[in-house]
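[1] Compute the structure for the input listed below.
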Amino acid sequence: MKQSVSPPPEGECPFCRERIPRGVAKCYHCGSVLDSTQELSMLSVLLVNFLSPGLGSWRMGEKVRGGVIIVAMALCILMTGINYASTVSRQLDAAIDTQDDAGFEASFSSSGTWWVTLSTLVFIYSFVDIYLIYAVRKRNKGADLPGKK
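    Numbering: from 1, shown residues only. As a prediction, this is how the structure comes out:
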């Protein structure tokens, strides 16, 4: 006589709201860690955030905050590239026009550091955000702390 195996009861991932079996350690859809025994270590969160600012917050479960930081950093990098491309274009134009030495000199002093400064601030804030997430979770009686077994 064969016994029928019933599928495991389903729950909902608190991060992506997809249906998943109860008791799983990691969501199959978004990859969020659900089991506190398999949480990310703080070192891995910081390393991931160093390589891609905002991804540390994302990996800690704060998808919106991490996404905003990722988009802000991508925008800063894109605008820095556009700014430097236009600066190089002006320098080439001034170099071709050898009669305009003042224009050539002025092209070197163009203000393109604003986007670099902003991207540096976003990079630093991405680590501050990880600390803020960590501090709030620690204050809330240690719930879901990375590296806590």
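[2] In the protein, which residue is most central in space?
    Nearest to the mean C-alpha position of the chain, counting by Cα atoms, centre = their mean, stands G54 at 1.8 Å.
[3] Settle this for me: that residue is touching M73, isn't it.
    Yes - contact criterion Cβ atoms under 8 Å: G54 and M73 qualify, at 6.2 Å. All C-beta spots, glycine's among them, are computed from the backbone N, C-alpha and C.
[4] what touches both of these two?
    S126 (Cβ atoms under 8 Å, 6 or more residues apart in numbering).
[5] about what we covered before: for the residue nearest to the centre of the chain, give me phi and psi.
    phi 100, psi -30 (degrees, to the nearest 10).
[6] repeat for V122
    The phi/psi pair for V122 (degrees, to the nearest 10) reads phi -70, psi -40.
[7] tell me the contacts of it?
    Listed by Cβ under 8 Å, 6+ apart, the contact set of V122 reads P53, I69, A72, M73, C76.
[8] Sketch out the helices for this protein, chain order is fine.
    Using DSSP state H, the helices found in the chain span residues 42-51, 55-59, 63-96, 101-108, 113-139.
[9] Next up, the contacts around the residue nearest to the centre of the chain.
    R65, G66, G67, V68, I69, I70, V71, A72, M73, S126, D129.
[10] Mind doing that once more with 6 Å?
    Neighbouring residues of G54 by Cβ atoms under 6 Å, 6 or more residues apart in numbering: G66, I69, I70, S126.
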